[in-house]
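> Test case, fold it:
(one chain, ligands or ions: 1)
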Amino acid sequence: MMLGFVGCGAALYPELYNSNGFFWIEKDLFLLDCGETTFRQHYMAGHFKGARNVTVFLTHMHADHMGSLGTLVVYCYLKLGIRTTIVFPDTEPLATVLRLTGVEQEHYRLFSEYGQSGDSRLAASAVQVRHHDSMVKAFGYLLSYGGKTIYYSGDAGEFPGSVRQKLLDNEIDEVYQDTSVEDHGEAHVRLSYLEEQIPKQYRSKVYCMHYDGMYMEQIREKGFQTIEKAIPSSIFKL
Ligand SMILES: [Zn+2]
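Okay, the predicted model is just below:
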């Protein structure tokens, strides 16, 4: 598994904390989203000590995905002297929310595409996905580094056709997909939908996440992967 996780829960299932995948490249910390519990969990895990840069790929602006982003940005700027890099295609509403919540523009760098950041070690592209369309725009991310490519869904009511094709063509090494068992309409894909979309031989590359219940065994029975065991127990119990 290429990502670490400090949380894997859905918004209304706080037992598992907010879903947050992360990885390091040298001393640079990369987060996928920054929900309400995320800043504290990384802080308590000591991940900010010695971090040279912090980058957040934001999938959408629901609170369980960006609730502690402002605090993380201000902490990094005032305590570590780091301007957080934020990647989100829909820059204007995000900049407005940050401004209205007291986060100054000089505290962060905001890019609609990661390529604008000038870091060529990592390639990243956003894939727009359906998820509460009338309220917020949502994106998954394709990320390539160290010779591997992953897809991180954020919250999505679909597994995009372009990503599915890449998985079937063996161009993606790992998929992290929000998965529910109950019907949440367009908000999240269901396990039964993933079974239809992904043939058995590819399921070992697919990590289901963003749980709103303890249905991990059900996921594993279908041949998909789960991530909750990747969370160090010291973090899990905070
Ligand atoms: Zn959401």
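
> from what I can see Leu69 touches Val54, true?
No: applying Cβ atoms under 8 Å as the test, Leu69 and Val54 come out as separate, 10.8 Å apart. The C-beta positions use only the backbone N, C-alpha and C, and glycine is treated the same way.

> For Leu31, give me the pLDDT.
We have a pLDDT of 98 for Leu31.

> before we move on, what SS does it have?
strand (DSSP: H, G, I helix; E, B strand; the rest coil).

> so it touches Gln41, yeah?
No: applying Cβ under 8 Å, one finds Leu31 not in contact with Gln41, separated by 10.4 Å.

> Give the residues shared as contacts by the two.
Taking Cβ atoms under 8 Å, 6 or more residues apart in numbering as the contact rule, Leu31 and Gln41 both touch Asn20.

> quick one, which of Leu69 and Val54 is more surrounded?
Leu69 (29 against 25; other Cβ atoms under 10 Å).

> residues in contact with the more buried one?
With Cβ under 8 Å, 6+ apart, Leu69 has these contacts: 34, 39, 56, 58, 86, 98.

> One more: Gly185?
Counting by Cβ under 8 Å, 6+ apart, Gly185 makes contact with Gly157.

> ok, now how distant is it from His65?
For Gly185, the distance to His65 (Cβ to Cβ, to the nearest Å) stands at 18 Å.

> One more: Phe139?
On the measure of Cβ to Cβ, Phe139 and His65 end up 11 Å apart.

> Need the overlap of contacts for the two.
Common neighbours of Phe139 and His65 (Cβ under 8 Å, 6+ apart) are 59, 154.

> The residue positioned nearest the centre of the chain bridge partners, please.
Centroid-nearest residue in the chain: Leu32, 3.2 Å away (criterion: Cα atoms, centre = their mean). Residues in a beta bridge with Leu32, per DSSP bridges, are Gly21, Phe57.

> Can you classify Thr179 as helix, strand or coil?
strand.

> now Glu92
Strictly by three-state DSSP, Glu92 counts as helix.

> roughly how far apart are it and Ser112?
As for Glu92, its distance to Ser112 is 10 Å (criterion: Cβ to Cβ).

> So these two - more neighbours on which side?
Neighbour tally, Glu92 and Ser112, criterion other Cβ under 10 Å: the higher count belongs to Ser112, 14 against 10.

> which ones are touching the more buried one?
87-91.

> Phe88 now?
Applying Cβ under 8 Å, 6+ apart, the residues near Phe88 are 57-58, 94, 110, 112, 139.

> Give the buried subset of these as a PyMOL selection command.
Burial among the contacts of Phe88 is assessed by 16 or more other Cβ atoms under 10 Å; the matching PyMOL selection reads:
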select buried, resi 57+58+94+110+139
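
> Which pair of the contacts of Phe88 spans the longest distance?
Spatial extent of the contacts of Phe88 (Cβ to Cβ) is set by the pair Leu110 and Phe139 at 14.3 Å.

> Give me every residue in the protein lying close to the ion.
62, 155 (Cβ under 5 Å from the ion).

> just for the chain, where's the confidence low?
Within the chain, the segments meeting pLDDT under 70 span 134, 229-238.

> how about a cut-off of 50?
Filtered on pLDDT under 50, the chain yields the residue ranges 235-238.

> Quick one: the helices in it, in order.
With DSSP state H as the criterion, the chain has helices at 38-44, 63-66, 69-80, 91-100, 161-168, 191-197, 216-221, 233-236.

> count of neighbours near the residue nearest to Gly223 when sequence neighbours are not counted?
Using Cβ to Cβ, 6 or more residues apart in numbering and skipping the chain neighbours, the partner closest in space to Gly223 is Arg203 (3.9 Å). By the criterion of other Cβ under 10 Å, Arg203 has 19 neighbours.
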